[in-house]
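In: Okay, predicted coordinates and the sequence, questions at the end:
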Amino acid sequence: IYRISLLEQTRQHSQRLLAMHEIDLAVAAQAPLEWTLEIILKQTVGQLDVEAAAVFIYDPTHDTPLVVESRGIQTDISELCASGLDSKQVNLAVHILNLPQAPHIVALDADTHQNAEVLQREGFFSFCAAPLFARREVIGVLEVYQRTQRNLGPEEIEFLESLSAQASIAAENARLHGETQRLLEQTQRQARRLQKIIESVPDGIVLINDERNVVVANPSGHEYLRLLTGSPVASGEPVTDMAGHPLDVFLEVTGKNGPGREVALTEPYPYRFEIDAHPLQEDSNREQWVLAVRDITQKRELQERVQQHEQLATVGQLAAGIAHDFNNIIGAILLQTHLLAKSVGLDPQNQKRLDMISQQSQYAAKLVRQILDFSRQSMMERISLNMRPLIAEQVKLLQRTLPATIQIEFTAPQTEYWANVDATRMQQILMN
């Protein structure tokens, strides 16, 4: 009898070891949580010789179970988890396993179990429970049910504790796997968002590794590399020089706020680029660089235009100062000419000379006005003027000035064409 009992204990022990091995394989393979719990419940019912078992896994922030699996229970699972997690049920599960001696089976009634009414309809009389722990808190309960009052022995209680521990590990692994997947998806979304941002940046962004190969570049980066190197450079291909300069010249750190190196191209079109290099140190101690390539062609052209305008403004100010002084001299000449023209007994020859001086002085005054127009310092004198006589006078002047081989005619209806203009400027426009 002793040998038979010993053999039976050995057989049970071996079967339980095989059962734990099967569960270990499911946990190690990170099988879906429902599959792993189904294996645990199958071994629970089979090895403990109970009639039914169920496992409830809860979210610590909620009362209702996240996962419920059962074996040997006909009642719909939704009825078992409708009432949520009862702290009394968990405390009782902890208390049952801590009893120094039998009975570890507790009568199933409303005082001991929240689902007593549902389970009693199927004829269950008693139950035993083991809590599931993770992160130093209860995350669920593993329960076994019987239709008879049979106590569980110490080895069976120990095996039930082992099963609850495996269920805890499976539940925690599932939680960690879900959290990892969530973080991975979040990282992938952020990476895609960052990739879109980099691709939309007008500046060229190029990552160069320690072997001087292009790791990755945005579309602008690839285009600028093609212009700077003279040929397309794909990811993984090396870069030896840019714009006729060795690459290492550009990899010298320019500083956070310092200007980058500026290079000019003449072929295929005039370009100017500003290149900044920023080191990127990885955990592998392999140094990499981020090149920021900026097309500053239009910026430099605009700066040159501004400089030209400033130079013209300076020349205009200088011309205005000279013109004012020259205008004073012309004014004195005209004044003296008019005084001489009124002299008594002036012979015709000298009169013609005075008229020539007056005419040329007035012409010089017009030139001074043009210089002041250039410097934007002359005042416009707009008056209401009939344009027809003005144009006719200018046409007569042109007819006397132009060679005889050129004929100019002016035709207009006999009516008035009034405009609010500056007469001198209008004459200049017609002459031009």
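Out: All right, it came through fine.
In: where do the strands sit along the stretch 151-300 of the chain?
Out: Using DSSP state E, counting those that start in this stretch, the strands of the stretch 151-300 of the chain run over residues 204-208, 214-217, 241-242, 245-246, 261-265, 271-281, 287-295.
In: In the protein, which residue sits furthest out from the middle?
Out: Gly345 (92.8 Å; Cα atoms, centre = their mean).
In: Tell me the secondary structure of that residue, please.
Out: Recorded secondary structure, Gly345: coil (DSSP: H, G, I helix; E, B strand; the rest coil).
In: Now it: phi and psi?
Out: For Gly345, the backbone dihedrals (degrees, to the nearest 10) come out as phi 80, psi 20.
In: And it, how far from Gln351?
Out: 11 Å (Cβ to Cβ, to the nearest Å). In short, each C-beta sits where N, CA and C put it, glycine included.
In: Arg192 too?
Out: Arg192 sits 93 Å away from Gln351, going by Cβ to Cβ.
In: Compare those two (neighbour count), which wins?
Out: Neighbours were counted for Arg192 and for Gln351 using other Cβ atoms under 10 Å; Gln351 has more, 13 against 10.
In: shouldn't that one be in contact with Ala341?
Out: Yes. Using Cβ atoms under 8 Å, Gln351 is in contact with Ala341, at 7.0 Å.
In: where do the contact lists of the two overlap?
Out: Common contact partners of Gln351 and Ala341 (Cβ atoms under 8 Å, 6 or more residues apart in numbering): none.
In: Specify the helix with the largest residue count in the chain.
Out: Secondary structure assigned by DSSP state H gives helix 154-200 as the longest helix of the chain.
In: can you tell me which residues contact the residue nearest the centre of the chain?
Out: Centroid-nearest residue in the chain: Ile197, 3.8 Å away (criterion: Cα atoms, centre = their mean). By Cβ under 8 Å, 6+ apart, the contact set of Ile197 is empty.
In: on that earlier part again, contacting residues for the residue farthest from the centre of the chain?
Out: Counting by Cβ under 8 Å, 6+ apart, Gly345 touches no other residue.
In: Could you confirm Pro131 falls within a strand?
Out: Yes. Counting by three-state DSSP, Pro131 is found in a strand.
In: do you know how far it is from Thr337?
Out: 122 Å.
In: Kindly report the same for Ile169.
Out: Distance from Ile169 to Thr337, counting by Cβ to Cβ: 116 Å.
In: got it, and Ile408?
Out: Counting by Cβ to Cβ, the gap from Ile408 to Thr337 is 32 Å.
In: Same question for Leu142.
Out: For Leu142, the distance to Thr337 equals 124 Å [Cβ to Cβ].
In: quick one: which of the two has more around it?
Out: A count of neighbours by other Cβ under 10 Å puts Leu142 above the other of Leu142 and Thr337, at 28 against 19.
In: what's that one sitting at in phi/psi?
Out: Reported as degrees, to the nearest 10, the phi and psi values for Leu142 are phi -110, psi 120.
In: Confirm for me that it is in contact with Ala130.
Out: Yes. Between Leu142 and Ala130 there is a contact at 4.8 Å, judged by Cβ under 8 Å.
In: what touches both of the two?
Out: Listed as contacting both Leu142 and Ala130 by Cβ under 8 Å, 6+ apart are 160, 163-164.
In: TSV please, covering these and showing neighbour count.
Out: What follows is the shared contacts of Leu142 and Ala130, written out as TSV (neighbours: other Cβ atoms under 10 Å):
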residue	neighbour count
Leu160	25
Leu163	26
Ser164	24
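In: ok, of those residues, which one's closest to Thr44?
Out: Leu163 (5.4 Å; Cβ to Cβ).
In: Could you give the number of residues near Thr167?
Out: Not Thr; residue 167 is Ala. Ala167 is flanked by 29 other residues according to other Cβ under 10 Å.
In: ok, now Val293?
Out: Using other Cβ under 10 Å, Val293 has 24 other residues around it.
In: ok, now which ones touch it?
Out: Val293 neighbours (Cβ under 8 Å, 6+ apart): 203-206, 220-221, 224-225, 228, 273-275.
In: which non-adjacent residue is nearest it?
Out: Nearest residue to Val293 in three dimensions, chain neighbours excluded: Gly204, at 3.5 Å (Cβ to Cβ, 6 or more residues apart in numbering).
In: likewise Ala419?
Out: Excluding the flanking residues, the one nearest Ala419 by Cβ to Cβ, 6+ apart is Met387, at 5.4 Å.
In: Check whether that neighbour really touches Asn420, as I assumed.
Out: No. Met387 lies out of contact with Asn420 (Cβ under 8 Å); the separation is 10.7 Å.
In: Between the two, point out the one with more neighbours.
Out: A count of neighbours by other Cβ under 10 Å puts Met387 above the other of Met387 and Asn420, at 15 against 8.
In: From Ala29, how far out is Tyr58?
Out: Tyr58 sits 25 Å away from Ala29, going by Cβ to Cβ.
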